[in-house]
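Novice: just coords:
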């Protein structure tokens, strides 16, 4: 019991923020708060709730988790809500063509347990889920593996499953199988090298590597950065387009192009 | 996908029965059915529901999981409901003075996966939980470890957590997820946003976003790429230097700088 309390204290001090993006019903915000508090999570952020805030319907369905609602912070945009977060996760129900890593809730819980810096988990509005512009902000995706023939998780249920896994991770440490990764295959090193050489040429032309004695170190830094993301072929191609575009002199009239 | 379906078939053939003992509201029976079907469980048994059966309130809150309700079997006593089951588990919220083994949902799921013979899980009525005479029928206890200072799991939530763990156990394989450790602290989202805006301005100036109708999609692609690497402050700064350098016109004589 003592150990349990200690664990809880630790968790609360670095718990992820649960971010409800454009939630519709106050009732569902209340239910989400209740789901959170059952597993010791207290930090809720709300992005542009449809019916404003505070919402009188939230309290009754929180079943006593008022503390979560009272402390909830409200933001105008998702970008503002995650501005201080180092690790943003987006929950999605359906699989989309994603280049981001897709995690199950238990993998995400483990990921968060090992992360340094503030974590945040985005949950979309009841009907439609997160929009593409919100998913973009996230580094990784969380998808609950549900019955492919009947997927009907509501907002509070999605929150409770994620909160449950986070609280488990605290008290367990390790467990768990993994799902097939949906993320696309990263581009081979060769393509990355070609991209890197392209970038280096462009930068050299513009006098970026200066002074000369620091050039080596700068090149190492750049290359280290470029190997981190595990970009796909398509992404490397996109970057090459970016560099090519920047190599050209600015256009006075873009429409002319 | 094929493997997923195969797993589901296997699971359905030997899935545990979810037994609701004296449930009060039809609405909660419907919600429990929805929770079950999300994770592929279809066998519901109901012991003496307070308001009789069928209950017109159950259907609407099942959100399409009518199949579970239609197949539900109704019994007069808990003993009859579990008569054909080899392994009976009772869910309880609070710890009681028990001589029986108490399992978490994930331990119970593992236990059931290894059991031969039919399994059943008892869930008590909304307000009071299972009575002692029902708990007596069970071999083992399942308790969800919740916040000791706020325990407020409703019936459908208890069902969904248990169903979720059972469905996870099916897909085992027991592979540990491999997670990249990021040594340095990733930059907060705010810095990434500023970098992204900088890049976009530079590209826009050079007519990169062309044709106009593809600009949105291209911006999505770029932003997706930039959220992947979890760059540190230093790395984001480096990138900004790169973009600034490329924004300048090429130098004829670098040494002059």
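Specialist: Ah, there it is. Predicted model only: the values in this text are computed from it and were never measured.

Novice: secondary structure class for residue A:63?
Specialist: Under DSSP: H, G, I helix; E, B strand; the rest coil, residue A:63 falls in the coil class.

Novice: next, count neighbours for the closest residue to residue A:88 other than its chain neighbours.
Specialist: Spatially, and ignoring its direct neighbours in sequence, residue A:88 is nearest to residue A:138 (4.4 Å; CB to CB, 6 or more residues apart in numbering or on different chains). Just so you know, the C-beta spots here come from the backbone N, C-alpha and C atoms, and that holds for glycine as well. Taking other CB atoms under 10 Å in any protein chain shown as the criterion, the count of residues near residue A:138 is 27.

Novice: which residues in the stretch 51-200 of chain A form strands?
Specialist: Taking DSSP state E, counting those that start in this stretch as the criterion, the stretch 51-200 of chain A carries its strands at A:73-75, A:87-91, A:101-103, A:119-123, A:140-142.

Novice: quick revisit: list the contacts of the residue nearest to residue A:88.
Specialist: Under the criterion of CB atoms under 8 Å, 6 or more residues apart in numbering or on different chains, the neighbours of residue A:138 are A:88-90, A:100, A:122, B:227.

Novice: with residue A:38 instead?
Specialist: By CB under 8 Å, 6+ apart, residue A:38 lies in contact with A:65, A:160, A:163, B:146-147, B:150-153, B:157.

Novice: what's the closest of those residues to residue B:210?
Specialist: Taking CB to CB as the measure, residue B:210 lies nearest residue A:163 of the contacts of residue A:38, at 45.1 Å.

Novice: so what's residue A:16 up against?
Specialist: A:41, A:43, A:89, A:112, A:118-121, A:166.

Novice: return the residues in contact with the closest residue to residue A:130 other than its chain neighbours.
Specialist: Leaving aside its chain neighbours, residue A:130 sits nearest to residue A:124 (3.4 Å; criterion: CB to CB, 6+ apart). If you count contacts by CB under 8 Å, 6+ apart, residue A:124 has them with A:21-22, A:91-92, A:130-131, A:134.

Novice: just these: which are in helices?
Specialist: Among the contacts of residue A:124, the residues falling in helices (DSSP state H) are residue A:134.

Novice: which of the contacts of residue A:124 are buried?
Specialist: Among these, those classed as buried by neighbour count (16 or more other CB atoms under 10 Å in any protein chain shown) are A:21-22, A:91-92, A:130, A:134.

Novice: any idea which of those residues is closest to chain B?
Specialist: Checking these against chain B by CB to the nearest CB gives residue A:134 as the nearest, at 11.0 Å.

Novice: thought the closest one was touching residue A:88?
Specialist: No - with the criterion set as CB atoms under 8 Å, residue A:134 and residue A:88 do not qualify as a contacting pair; they are 9.4 Å apart.

Novice: follow-up on the earlier one: nearest to residue B:81, out of the contacts of residue A:124: which one, please.
Specialist: Using CB to CB as the measure, the one of those that approaches residue B:81 most closely is residue A:91, at 35.8 Å.

Novice: ok, back up a step: which neighbours do residue A:134 and residue A:88 share?
Specialist: Counting by CB under 8 Å, 6+ apart, the residues touching both residue A:134 and residue A:88 are residue A:122.

Novice: which ones are touching residue A:43?
Specialist: For residue A:43, the contact set (CB under 8 Å, 6+ apart) comprises A:15-18, A:71.

Novice: and the furthest pair within those residues?
Specialist: Of all pairs drawn from the contacts of residue A:43, the one with the largest separation by CB to CB is A:16 and A:71; the distance is 14.6 Å.

Novice: now do the contacts for the residue lying closest to residue A:199 once chain neighbours are set aside.
Specialist: Distance criterion CB to CB, 6+ apart; nearest residue to residue A:199, sequence neighbours excluded, is residue A:243 at 5.4 Å. Neighbour list for residue A:243: A:195, A:198-199, A:202, B:246 [criterion: CB under 8 Å, 6+ apart].

Novice: repeat that with 6 Å
Specialist: A:198-199, A:202 (CB atoms under 6 Å, 6 or more residues apart in numbering or on different chains).

Novice: so how far is residue B:223 from the closest residue to residue A:135 other than its chain neighbours?
Specialist: For residue A:135, ignoring the flanking residues on the chain, the nearest one in space by CB to CB, 6+ apart is residue A:90 at 4.6 Å. Distance from residue A:90 to residue B:223, counting by CB to CB, to the nearest Å: 13 Å.

Novice: the strand or helix carrying residue A:30 vs strand A:119-123, what angle?
Specialist: When elements are defined using DSSP states H and E, residue A:30 is found to belong to helix A:26-38. Between the direction of helix A:26-38 and that of strand A:119-123, the angle (axes from the mean of the first three to the mean of the last three CA atoms, to 10 degrees) works out to 150 degrees.

Novice: so after helix A:26-38, what's the next helix or strand?
Specialist: Moving toward the C-terminus from helix A:26-38, the next element (DSSP H and E) is strand A:44-47.

Novice: next one: stretch A:142-158 to chain centre, how far?
Specialist: 18 Å (CA atoms, centre = their mean, to the nearest Å).

Novice: go on, stretch A:230-238?
Specialist: Centre to centre, stretch against its chain (CA atoms, centre = their mean), the figure for stretch A:230-238 is 20 Å.

Novice: may I see the buried residues of that stretch?
Specialist: Neighbour counts using 16+ other CB under 10 Å place A:230-232, A:235-236, A:238 of stretch A:230-238 among the buried residues.

Novice: swap in stretch A:158-168?
Specialist: A:158-168.

Novice: so of those residues, which ones are in helices?
Specialist: By the criterion of DSSP H, membership of the buried residues of stretch A:158-168 in helices covers A:158-168.

Novice: of all the residues you listed, which two lie farthest apart?
Specialist: Maximum pairwise distance in these, criterion CB to CB, is 16.1 Å, between A:158 and A:168.

Novice: enumerate the residues of the stretch 1-150 of chain A near chain B.
Specialist: A:34, A:37-38, A:40, A:63, A:79, A:82-86, A:107, A:111, A:116-117, A:136, A:139, A:146-147, A:150 (CB under 6 Å from any CB of the partner chain).

Novice: try 7 Å this time
Specialist: Contact residues, the stretch 1-150 of chain A versus chain B (CB under 7 Å from any CB of the partner chain): A:4, A:34, A:37-40, A:63-65, A:79, A:82-88, A:99-100, A:107, A:110-111, A:114, A:116-117, A:132, A:136-139, A:145-148, A:150.

Novice: from these, keep the buried residues only.
Specialist: Burial by neighbour count, judged by 16+ other CB under 10 Å, picks out A:34, A:37-40, A:63, A:65, A:79, A:82-83, A:85-88, A:99-100, A:107, A:110-111, A:117, A:136-139, A:145-147, A:150 from the residues of the stretch 1-150 of chain A next to chain B.

Novice: so who does the nearest residue to residue A:38 once chain neighbours are set aside touch?
Specialist: For residue A:38, the nearest residue in space outside its immediate sequence neighbours is residue B:146; the separation is 4.9 Å by CB to CB, 6+ apart. Residue B:146 makes contacts with A:38-39, B:153, as judged by CB atoms under 7 Å, 6 or more residues apart in numbering or on different chains.
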